[in-house]
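1. I need the structure of the sequence given here:
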Amino acid sequence: MAEETKNTHGGKRQGAGRKPSENSKVQTALKLDKDLSDAFKSEKFLSLNMNRGQYINQAVREKMLADGCLCSKD
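-> The predicted model follows:
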């Protein structure tokens, strides 16, 4: 009989996998009005060199701080 070898591929391994991010994100689905969605495709928005997620996070954070719904990170 052939000698069986232990398979070393797959399974849990110490230290394997992606490390947790310091600034973790949560995926959320939302619906935008058509004019807002179209604005993300405009040359003006594309010239900002910012992705949609960053832009929306920044806008929501500013509004929530102004409304008192969020405490400042400072």
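2. name the SS class of the most centrally placed residue in the chain, please.
-> The residue lying closest to the centre of the chain (CA atoms, centre = their mean) is Lys25, at 4.7 Å. Classification of Lys25 using DSSP: H, G, I helix; E, B strand; the rest coil returns coil.
3. and the one 10 residues further on, by the same measure?
-> Applying three-state DSSP to Asp35 yields a three-state assignment of helix.
4. what's the burial count for it?
-> Per other CB atoms under 10 Å, the neighbour tally for Asp35 reads 7. To be clear about C-beta, it is placed using only N, CA and C from the backbone, and glycine gets the same treatment.
5. may I see the buried residues of the helix or strand hosting Lys63?
-> Lys63 is part of helix 52-67 when elements are defined by DSSP states H and E. Residues of helix 52-67 classed as buried: Ile56 (neighbour count, 16 or more other CB atoms under 10 Å).
6. distance from the chain centre to it, please.
-> Centre-to-centre, helix 52-67 and its host chain are 14 Å apart (CA atoms, centre = their mean, to the nearest Å).
7. convert the C-alpha atoms of that helix to PDB, please.
-> Extracted in PDB, the C-alpha atoms of helix 52-67 (Å, rounded to 0.1, in the frame of the first residue of the first chain):
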ATOM      1  CA  ARG A  52     -18.400  57.700  -4.200                       C
ATOM      2  CA  GLY A  53     -18.000  56.000  -0.900                       C
ATOM      3  CA  GLN A  54     -15.500  58.500   0.400                       C
ATOM      4  CA  TYR A  55     -17.700  61.400  -0.800                       C
ATOM      5  CA  ILE A  56     -20.800  60.000   0.700                       C
ATOM      6  CA  ASN A  57     -19.100  59.200   4.000                       C
ATOM      7  CA  GLN A  58     -17.700  62.800   4.200                       C
ATOM      8  CA  ALA A  59     -21.100  64.400   3.400                       C
ATOM      9  CA  VAL A  60     -23.000  62.300   5.900                       C
ATOM     10  CA  ARG A  61     -20.400  62.800   8.600                       C
ATOM     11  CA  GLU A  62     -20.600  66.600   8.200                       C
ATOM     12  CA  LYS A  63     -24.400  66.600   8.200                       C
ATOM     13  CA  MET A  64     -24.600  64.300  11.300                       C
ATOM     14  CA  LEU A  65     -22.100  66.400  13.200                       C
ATOM     15  CA  ALA A  66     -24.000  69.600  12.300                       C
ATOM     16  CA  ASP A  67     -27.300  68.000  13.500                       C
END
